[in-house]
Each structure stands twice: as C-alpha cells, then as structure tokens.
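S.K.: Provide a 3D model corresponding to the input given below.
(one chain, ligands or ions: 1)
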Amino acid sequence: MEVLMRNVFQTLGKNRSANQLAKKYGLRFGASRFIAGETIEAAIHTVQTLNEHGKVVTLDHLGEFVFTEEEAIESALMCIRTLEAIAEAGVTSNLSLKLTSIGLDIRKDLCMQNLRKILDTAKLYDNFVRIDMEDYAHCQVSIDIYEELRKEYDNVGLVIQAYLYRTEQDMHELNKCRANLRLVKGAYKESPNVAFPDKKDVDENFQSIIKTHLLNGNYTAIASHDEQIITYTKQFVKENNIPNEQFEFQMLYGICVELQDQLVKEGYKVRVYVPYGIDWFGFFMRRLAERPANVWFVVKNLFK
Ligand code: FDA
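M.R.: Take a look at the predicted model:
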C-alpha cells in the first residue's frame with residue numbers, strides 16, 4: 001500500500017496539468033506546513049523567525065515545468081530578487097535552486113548564463129548558492145555544469161544523492177574541485193538499474209559518503225531527518241576531530257522541528273530548507289511520497 005501511494009505521489013508531482021491547476025488555486029491541502037508562502041515577503045518573514053530560533057536557512061523559489069526561454073529568465077530573476085531580499089532584510093539565508101527552473105531543459109548555455117548572473121549577485125552580497133539535484137536524467141549534466149562553474153566561483157555547491165550507484169565515483173571526481181556538497185538520500189522515483197531499491201543499502205551508502213567527504217576535508221551538509229544518520233554523523237565527527245565549521249545539518253521546513261531545535265541546543269549548525277512560491281505542487285507531492293503518513297495532514301486540511 002505504502003509503495004503504491006509513494007508511486008502515486010511521485011507520478012502526480014511530475015504531472016504538468018496537476019501542477020498548473022495547483023498554481024491557479026494557491027497553497028492548499030495543508031501544503032503550508034512545508035511551504036513558507038507564495039510571496040517573497042512571506043518567505044523572508046519565515047527566515048526571520050527561524051533565525052530567531054538559532055537556525056540558518058536556504059531559500060528556494062519554487063519553479064518546475066519551465067519550458068520557454070522567458071520562463072527560465074523570469075525564474076532566474078526571482079532567484080536574484082530572493083538574494084536581494086535576503087540582503088535587504090539582513091537575514092541569514094543562502095539560496096537553493098533547480099537547474100531545470102532556470103532553463104536546463106531548454107538549452108544548457110541558457111541555464112549556465114542564468115546561473116552565472118545568479119552567482120554574480122550572490123557574490124556581490126557575499127552569499128552562496130546550492131544547486132539541488134533532480135532526477136537521474138539530469139544528474140550528469142548537473143555535475144558537468146557544477147564542475148565548470150566551480151572553476152570560476154567559490155560560492156557554489158551541489159547536492160549528491162546516496163541512492164544512486166554512481167555516487168561513490170561522482171564523489172571521487174568532485175573531491176578534485178573541493179566541492180561543497182549537500183548529501184541526501186534522494187527524493188525521485190528511480191529505476192533499480194540506477195538506484196539502490198532497498199533503504200538499508202541507501203542508508204549504508206549515505207554513511208559511507210558522509211565519512212568520505214568529511215575525511216577528505218570538504219564542507220559537508222548532511223541533509224536528513226533520519227536520527228540514525230544524524231547520530232552516526234555526530235559520533236563520527238567527534239571520533240575524528242572534525243571541527244563544527246566543516247559541516248552542518250540540514251532539514252526541510254516543517255519536518256522534525258523538535259529534532260532541529262535539539263541540534264541547535266547541542267551547538268550544531270542547523271540549516272532549514274525553506275521553499276516558497278506559487279509553484280508548490282511538485283515539491284509538496286515529493287514530501288508526501290517520502291512519508292505517506294503525511295497524507296493524514298492532507299485529509300485533515302480537506303475539511304478545514
Ligand atoms: P528517511 O526518509 O529515512 O526519513 C527519516 C525520518 O524522517 C522519517 O521516519 C520521518 O520521521 C522523517 N521524515 C522524512 N521525510 C519526511 C516527510 N516528508 N514528512 C515528515 N517526516 C519525514 N532530494 C533530492 O533528490 N535532491 C535534493 O536536492 C534534495 N535536497 C534536500 C534538501 C534538504 C535540506 C533535505 C532535508 C532533503 C533534501 N532532499 C533532496 C530530500 C532527500 O533526498 C530525502 O528524500 C528526504 O530528506 C527524506 O529522507 P531522510 O534522509 O530524511 O530519511
């Protein structure tokens with residue numbers, strides 16, 4: 001049953017008509033538990049509140065299904081606007097973005113042109129941009145773009161997914177450019193030809209890449225709500241004298257808030273991933289797919 005629901009949400013999240021419809025009707029079904037709002041003002045307000053609770057943030061202006069050059073440029077402008085708003089408000093947040101939202105599926109050079117403008121703005125404000133990792137079809141090209149831009153910018157990072165078989169090799173390559181990586185389990189529906197189908201293998205690989213990246217001396221963001229992974233990391237950094245400045249924990253807005261607070265209390269750096277914008281549906285569906293128990297929130301909110 002759980003696998004079936006997972007598949008339904010993953011498929012719905014990729015459905016263009018469902019996404020368009022959701023855009024038209026605004027945040028619904030309890031999505032505001034995971035999404036800060038539709039406007040930049042709402043997003044900045046959320047960042048301020050999280051900062052007051054000792055957490056730093058990465059803001060993501062949601063944008064999926066970008067098919068025209070105009071849409072890609074508009075989306076890149078929203079990223080720039082987000083960086084400006086962060087600087088104007090004096091809050092502590094960097095930016096996360098998806099390459100498809102700034103034109104990757106249209107033309108690679110358009111995407112890179114947009115990314116350079118965003119990275120230049122981030123540099124101007126002494127800020128940082130993280131490239132989210134999307135589905136397997138975009139993995140190699142995302143790494144290629146990252147490696148190319150890493151030669152020009154030191155304020156850019158990438159995400160690597162523990163569920164992919166190729167990840168160990170990718171980490172080896174990315175170590176050459178001292179990549180700043182966010183490590184995650186992986187959120188997309190992938191074939192067993194390319195990704196570990198069993199959670200146990202994903203978790204094992206996750207621990208292995210956390211260990212490798214930290215021991216290589218690279219900055220590492222461990223993005224997970226899994227207490228076993230967090231406990232493993234805490235123990236590993238302690239045993240290997242890894243300084244707190246070399247890593248951070250990251251979690252999604254609205255998920256495991258008590259655990260976030262606990263880590264802050266223990267003195268760890270905690271960054272909350274805060275998505276905002278009208279294009280909320282795909283992100284929301286991926287969160288439901290990760291934990292079909294969240295459907296309960298949807299059901300409750302249907303009657304509100
Ligand atoms: P796991 O799925 O095993 O969950 C452990 C526990 O966490 C669950 O038992 C539950 O208690 C809680 N939990 C997890 N997900 C939940 C949810 N949706 N709702 C409520 N509780 C939940 N993926 C990707 O492919 N590309 C990317 O760029 C990113 N970026 C990213 C940034 C950040 C900051 C985070 C935290 C995650 C991502 N992800 C991602 C998503 C990631 O790949 C993964 O799907 C989720 O983090 C869930 O995996 P966990 O490691 O939390 O473990």
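
S.K.: low-scoring stretches of this protein, by residue?
M.R.: 1-2, 5, 12-13, 18-30, 292-304 (pLDDT under 70).

S.K.: let's see that with 50 instead.
M.R.: 302, 304 (pLDDT under 50).

S.K.: what does the stretch 1-150 of the chain put close to the ligand?
M.R.: 132-133 (CB under 6 Å from any ligand atom). All C-beta atoms are positioned from the backbone trio N, CA, C, and that covers glycine.

S.K.: A helix includes Glu190, no?
M.R.: No - counting by DSSP: H, G, I helix; E, B strand; the rest coil, Glu190 is not found in a helix; it is coil.

S.K.: next, the closest residue to it other than its chain neighbours: phi, psi?
M.R.: In space, and not counting its chain neighbours, Glu190 is closest to Tyr136: 5.3 Å by CB to CB, 6 or more residues apart in numbering. Tyr136 adopts backbone torsions of phi -60, psi -40, taken as degrees, to the nearest 10.

S.K.: and if you look at Ser208?
M.R.: Main-chain dihedrals, Ser208, degrees, to the nearest 10: phi -60, psi -40.

S.K.: isn't it right up against Met171?
M.R.: No - using CB atoms under 8 Å, Ser208 makes no contact with Met171, being 9.2 Å away.

S.K.: looking at these two, which one has more neighbours?
M.R.: Met171 (19 against 14; other CB atoms under 10 Å).

S.K.: burial count for Leu183?
M.R.: Leu183 has 27 neighbouring residues, counting by other CB under 10 Å.

S.K.: assign it to helix, strand or coil.
M.R.: With three-state DSSP as the basis, Leu183 sits in strand.

S.K.: please name the bridge partners of it.
M.R.: Beta bridges link Leu183 to Ile160, Ile222 when assigned by DSSP bridges.

S.K.: find the nearest non-adjacent residue to Ala223, please.
M.R.: Leaving aside its chain neighbours, Ala223 sits nearest to Gln250 (3.9 Å; criterion: CB to CB, 6+ apart).

S.K.: so what touches the helix or strand Leu95 falls within?
M.R.: Using DSSP states H and E, Leu95 sits in strand 93-97. For strand 93-97, contacts defined as CB atoms under 8 Å, 6 or more residues apart in numbering pick out 47, 51, 56-61, 79, 82-83, 86, 115, 118, 122, 127-132, 273-274.

S.K.: now, which of those residues lie within strands?
M.R.: Judged by DSSP state E, the subset of the contacts of strand 93-97 located in strands is 56-61, 129-131, 273-274.

S.K.: next, format those as CSV and append neighbour count.
M.R.: Below are those laid out as CSV (neighbours: other CB atoms under 10 Å):
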residue, neighbour count
Val56, 18
Val57, 28
Thr58, 25
Leu59, 28
Asp60, 25
His61, 24
Val129, 22
Arg130, 24
Ile131, 21
Tyr273, 21
Val274, 25
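
S.K.: can you tell me how far the residue nearest to Glu190 is from Asp154?
M.R.: Using CB to CB, to the nearest Å, Tyr136 is found at 28 Å from Asp154.

S.K.: what sits against the residue sitting nearest the centre point of the chain?
M.R.: For the chain, the residue nearest the mean C-alpha position is Asp132 (5.0 Å; CA atoms, centre = their mean). Contact analysis of Asp132 by CB under 8 Å, 6+ apart lists 60, 96-98, 159.

S.K.: over to the closest residue to the ligand within the stretch 1-150 of the chain: give its phi and psi.
M.R.: The nearest approach of the stretch 1-150 of the chain to the ligand comes at Asp132, 3.3 Å away (CB to the nearest ligand atom). Main-chain dihedrals, Asp132, degrees, to the nearest 10: phi -70, psi 150.

S.K.: now Leu288
M.R.: Dihedral pair for Leu288: phi -70, psi -40, per degrees, to the nearest 10.
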